[in-house]
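Asks: Compute the structure for the input listed below.
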Amino acid sequence: MITAGQMRAARALLGLDQRRLAELSGLSLPTIQRMEASEGVIRGNVDSLMKLVGALDQAGVALIGDNATSPGGGRGVRLKDPPG
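Replies: Model (predicted):
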């Protein structure tokens, strides 16, 4: 699973615009735009999601799920739980 926020953050870390991510993933620009505009976890067909995650992985981003450890030890960012 990938959230729209993770997608935007991954793209920013890689210095990619939406058009370049669409090219790398083999998805259309409107599909990338729709995914990023969604709330929370991105919904879509499994093939599109696999293409997206695969492209981000190939470009050098490791997606980290909730309560998961970072496997690679490289630099990164992670959202904290909101205070309260």
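Asks: Now E39: phi and psi?
Replies: As for E39, its main-chain torsions (degrees, to the nearest 10) stand at phi -100, psi 130.
Asks: give the contact list for it.
Replies: Listed by CB atoms under 8 Å, 6 or more residues apart in numbering, the contact partners of E39 are A4. To be clear about C-beta, it is placed using only N, CA and C from the backbone, and glycine gets the same treatment.
Asks: what packs against the lengthiest helix in the chain?
Replies: Determined from DSSP state H, the single longest helix within the chain is helix 46-59. If you count contacts as 3 or more CB pairs under 8 Å, 6 or more residues apart in numbering; DSSP states H and E, helix 46-59 packs onto helix 4-14, helix 18-25, helix 29-37.
Asks: which helices and strands does the first one pack with?
Replies: Think helix 4-14. The contact analysis (3+ CB pairs under 8 Å, 6+ apart) places helix 4-14 against helix 29-37, helix 46-59.
Asks: mean confidence for the longest helix of the chain?
Replies: In this model, helix 46-59 has a mean pLDDT of 96.
Asks: what residues does that helix touch?
Replies: By CB under 8 Å, 6+ apart, helix 46-59 touches 2, 7, 10, 14, 16, 21, 24-27, 31-32, 35, 42, 63.
Asks: among the helices and strands packed on helix 46-59, which is nearest T69?
Replies: helix 4-14 (16.1 Å; CB to CB).
Asks: Which residues outside that closest one are in contact with it?
Replies: With CB under 8 Å, 6+ apart as the test, helix 4-14 has contacts from 17-18, 21, 35-40, 42, 52, 56, 59-61, 63, 76-77, 79.
Asks: Run through the chain and note the low-pLDDT ranges.
Replies: 73, 75-76, 84 (pLDDT under 70).
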